[in-house]
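*Asks:* Got a predicted model here, sequence first, then my questions.
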Amino acid sequence: MEISEFVGRYRNHPVLFVGAGVSLRYLEKSFTWDGLLSKIAYELKGNVEYYLDVKSNCETGGLFRYDKIASIIERDFNTAVAGDRNGKFASINDIFYESMARGLNISRFKIYMASLLSGLTLRPGVEDELAELKRASKNIGSIITTNYDSFLEEFFDFSPLIGNDILLSNPYGSVYKIHGCIAQPPKIIITEGDYDRFFKQYELIRAQLLSIFIHNPIIFLGYNIGDENIKSLLKTIFTYVEPNSDDASKIRNNFLLVEYEKDSSSQEICEHDIDLEGFSTIRINKIKTDDFSSIYRSLASLVLPVSAMDVRKVQNIVKEIYSGGDIKVTITEDLESLSNGDKILAIGSSKTIQYQYLTVSEMISGYFKIIDESNSRLLELVNKQKIQSSQFFPVFGFSKICETINDLERLKLQQKGKIDGILESLPERLQTNHSDVDGIINDEHVAPTYKSHSIIWSLVNGKIPIEDIERFLRSHPDKVCIEYKKLLCAYDLIRYSA
């Protein structure tokens with residue numbers, strides 16, 4: 001069975017279980033567990049032999065105990081850095097003492113770990129594959145990860161959940177950081193003591209995760225078949241679930257392990273037996289490939305009755321209901337009876353309930369998110385809106401995603417005509433030779449009301465790279481102002497009209 005058919009059978013939103021291999025694949029600065037500890041050891045001692053000596057004393061049953069290795073290095077690191085206040089690690093000491101002044105005792109070792117893993121520079125050449133993953137995000141319920149870095153929550157715009165926050169969470173739109181995060185160094189789980197405390201407090205977290213595993217397809221990314229995280233997880237599940245039960249069969253059928261195999265373009269799913277010590281052999285689904293784009297495209301193409309994004313919206317409203325306060329929520333089938341300020345949870349048939357969400361202005365504000373996720377379902381709502389001839393509306397990019405937009409040619413002509421009008425009316429003195437957006441923004445000779453027009457002229461005439469325009473638009477602080485809408489329409493025309 002190929003990946004597209006396998007994913008096409010899903011009847012609920014898949015959850016990604018993400019390991020270090022994903023950060024290694026996409027980020028310039030990332031490490032395996034072994035690589036991270038050896039890096040810290042080398043920076044501390046200036047040679048590789050110290051780490052090898054520590055590692056040689058932490059072997060059990062033919063396997064290296066990285067939690068024990070981390071415990072030794074943490075002890076040595078903290079002692080050495082504390083004794084050299086203004087030396088090589090002076091900035092780590094600065095953070096340590098600033099934290100202590102606030103009553104927070106953080107291991108210098110973990111402060112340094114967090115600094116090593118900060119920054120999210122992408123590897124060259126991964127942009128197209130990540131764009132496919134971004135398009136799949138609309139169908140991903142949540143993410144569970146053992147990674148410490150912040151790549152996943154920033155890429156998906158999900159809420160990170162660390163430590164006890166996991167117990168108070170909603171499952172949709174969250175990144176469960178079960179081993180901690182660089183954003184909160186004290187909660188990083190890496191040493192032997194950390195793991196001892198973690199497992200003592202793990203029962204409730206385990207129950208939360210078990211519920212997700214039973215109800216959702218789970219896709220493992222960034223692990224190999226022998227990874228102890230996967231084996232430990234499977235042991236946990238089948239401690240609570242009878243191996244020969246219907247629930248066990250459902251869980252096994254929902255599991256997919258994506259194992260990296262260099263240069264392979266395989267899309268074939270096969271079965272694989274995992275021998276768990278003290279348990280029966282567990283059979284799961286596996287794909288060995290280097291073609292992650294096909295997996296992401298299959299996820300993006302998945303059509304479910306309710307999108308994961310819609311579930312997140314409902315959860316947010318329900319959370320507000322639980323929290324109390326002044327919120328007013330009306331449950332109704334008669335939308336005509338409601339005032340504009342009411343928050344609505346509509347329950348009924350599609351024949352009796354007519355609804356629209358996102359105005360034209362909101363679609364423009366969310367332009368890049370809609371494009372990144374290829375959210376065709378949301379764009380079908382364009383047909384419910386009246387786009388006036390006076391409005392700037394970026395229809396070219398939207399039409400690449402949704403082919404059922406009504407009156408498309410008129411809207412394209414309208415958009416092109418408005419940009420042409422700007423160019424024709426622009427005084428020659430404002431046709432600058434700046435090579436980037438910042439040059440025009442900082443040019444005192446270009447009046448504020450004409451800056452967007454000057455940028456548009458420079459874009460159309462190839463003076464400013466379109467990538468610079470995109471950067472400026474994505475970070476623009478006011479996505480409802482008319483100048484933003486003008487520039488967005490020009491960008492959209494150049495980017496997608498071909």
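*Replies:* Structure's in. What do you need? Numbers count the residues shown, from 1 in each chain.
*Asks:* what's next to the helix or strand where K451 lies, contact-wise?
*Replies:* In this structure, K451 sits in helix 451-460 according to DSSP states H and E. Helix 451-460 has contacts (Cβ atoms under 8 Å, 6 or more residues apart in numbering) with 419, 422-423, 425-426, 430-432, 434, 437, 440-441, 443, 446, 463-464, 466, 469, 472, 483-484, 486-487, 490-491, 494. Heads up, the C-betas are built off the backbone N, CA and C, glycines and all.
*Asks:* Give me the distance from the top strand by length along the chain to the chain's centre.
*Replies:* Taking DSSP state E as the assignment, the strand of the chain that covers the most residues is strand 282-289. Between the centre of strand 282-289 and the centre of its chain there are 24 Å (Cα atoms, centre = their mean, to the nearest Å).
*Asks:* Format the CA atom coordinates belonging to that strand as PDB.
*Replies:* Listed in PDB are the C-alpha atoms of strand 282-289, where the atom choice follows Å, rounded to 0.1, in the frame of the first residue of the first chain:
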ATOM      1  CA  ILE A 282       4.300  -5.600  18.200                       C
ATOM      2  CA  ARG A 283       3.600  -5.200  14.500                       C
ATOM      3  CA  ILE A 284       3.300  -1.600  13.200                       C
ATOM      4  CA  ASN A 285       3.300   0.200   9.800                       C
ATOM      5  CA  LYS A 286       6.500   1.600   8.500                       C
ATOM      6  CA  ILE A 287       7.800   3.500   5.500                       C
ATOM      7  CA  LYS A 288      11.600   3.900   4.700                       C
ATOM      8  CA  THR A 289      12.100   6.900   2.500                       C
END
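*Asks:* partners of that strand in the sheet?
*Replies:* Here strand 282-289 is paired, per DSSP bridges, with strand 255-260 (parallel), strand 270-274 (antiparallel).
*Asks:* Deepest-packed of those strands, please.
*Replies:* When you average the neighbours per residue for each of these (mean count of other Cβ atoms under 10 Å), strand 255-260 leads with a mean of 21.
*Asks:* just to revisit the earlier point, tell me which of the contacts of helix 451-460 fall in strands.
*Replies:* Secondary structure assignment by DSSP E places none of those in strands.
*Asks:* which of those are buried?
*Replies:* Among the contacts of helix 451-460, those classed as buried by 16 or more other Cβ atoms under 10 Å are 419, 422, 430, 432, 434, 437, 440, 446, 463-464, 469, 472, 483-484, 486-487, 490-491, 494.
*Asks:* Narrow the residues you listed to those in helices?
*Replies:* 419, 422, 437, 440, 469, 472, 483-484, 486-487, 490-491, 494 (DSSP state H).
*Asks:* In contact with the nearest residue to N461 once chain neighbours are set aside, which residues?
*Replies:* For N461, the nearest residue in space outside its immediate sequence neighbours is Q431; the separation is 7.7 Å by Cβ to Cβ, 6 or more residues apart in numbering. With contacts defined as Cβ under 8 Å, 6+ apart, the neighbours of Q431 are 454, 457-458, 461.
*Asks:* Which of these has the largest number of neighbours?
*Replies:* The most crowded member of the contacts of Q431, judged by other Cβ atoms under 10 Å, is S454 (27 neighbours).
*Asks:* where's the closest residue to that one other than its chain neighbours relative to Y450, distance?
*Replies:* If the residues on either side of it in the chain are set aside, S454 comes closest to L430, at 4.7 Å by Cβ to Cβ, 6+ apart. In this structure, L430 lies at 5 Å from Y450, with Cβ to Cβ, to the nearest Å as the measure.
*Asks:* what does L16 give?
*Replies:* 46 Å.
*Asks:* How about R495?
*Replies:* From R495 across to Y450, the span is 23 Å (Cβ to Cβ).
*Asks:* same question, Y223
*Replies:* For Y223, the distance to Y450 under the criterion Cβ to Cβ works out to 54 Å.
*Asks:* Show me which of these two is the more surrounded one.
*Replies:* Between Y223 and Y450, counted using other Cβ under 10 Å, the more crowded position is Y223 (22 against 18).
*Asks:* Contact partners for the nearest residue to that one once chain neighbours are set aside?
*Replies:* On the basis of Cβ to Cβ, 6+ apart, the spatially nearest residue to Y223 that is not a chain neighbour turns out to be G19, at 4.1 Å. Residues counted as contacts of G19 (Cβ under 8 Å, 6+ apart) are 145-147, 220-223, 227, 229.
*Asks:* K88: which of those residues is nearest?
*Replies:* The shortest gap between K88 and any of the contacts of G19 belongs to N147, at 26.8 Å (Cβ to Cβ).
*Asks:* leaving aside the residues next to it on the chain, what's closest to the closest one?
*Replies:* S23 (5.6 Å).
*Asks:* Remind me which helix or strand the one you found belongs to.
*Replies:* Assessed by DSSP H and E, S23 sits inside helix 20-26.
*Asks:* what packs against the helix or strand just after that helix?
*Replies:* Remark: after helix 20-26, the chain's next helix or strand is helix 33-45, criterion DSSP H and E. Helix 33-45 sits against helix 49-56, helix 66-82, helix 108-117, with contacts defined as 3 or more Cβ pairs under 8 Å, 6 or more residues apart in numbering; DSSP states H and E.
*Asks:* Mind checking the pLDDT average for helix 33-45?
*Replies:* For helix 33-45, the mean per-residue pLDDT is 97.
*Asks:* and the angle from that helix to helix 49-56?
*Replies:* Per axes from the mean of the first three to the mean of the last three Cα atoms, to 10 degrees, the angle that helix 33-45 makes with helix 49-56 is 140 degrees.
*Asks:* circling back: tell me which of the helices and strands packed on helix 33-45 sits most buried.
*Replies:* Comparing these on average neighbours per residue, with mean count of other Cβ under 10 Å, the densest one is helix 108-117 at a mean of 22.
*Asks:* Contacts for that one, please.
*Replies:* For helix 108-117, contacts defined as Cβ under 8 Å, 6+ apart pick out 29-31, 36, 39-40, 43, 73-74, 77-78, 81-82, 89, 91-93, 95-96, 99, 148-149, 182-183, 185-186, 188, 190.
*Asks:* 6 Å instead, please
*Replies:* Counting by Cβ atoms under 6 Å, 6 or more residues apart in numbering, helix 108-117 makes contact with 74, 77-78, 81, 92, 95-96, 148-149, 182, 185, 188, all of which sit outside it.
*Asks:* Show me what the helix or strand just after that helix is packed against.
*Replies:* Downstream of helix 108-117, the next assigned helix or strand under DSSP H and E is helix 127-136. Applying 3 or more Cβ pairs under 6 Å, 6 or more residues apart in numbering; DSSP states H and E, we find helix 127-136 packed against helix 292-301.
*Asks:* Can you give me the buried ones in the helix it packs on?
*Replies:* In terms of neighbour count (16+ other Cβ under 10 Å), helix 292-301 has its buried residues at 292-300.
*Asks:* mind putting the residues you listed in TSV, distance to G163 and pLDDT included?
*Replies:* Written out in TSV, the entries for the buried residues of helix 292-301 read as follows (distance: Cβ to Cβ, whole Å; pLDDT from 0 to 100):
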residue	distance to G163	pLDDT
F292	30	97
S293	34	96
S294	36	96
I295	30	96
Y296	30	96
R297	35	95
S298	33	95
L299	29	95
A300	32	92
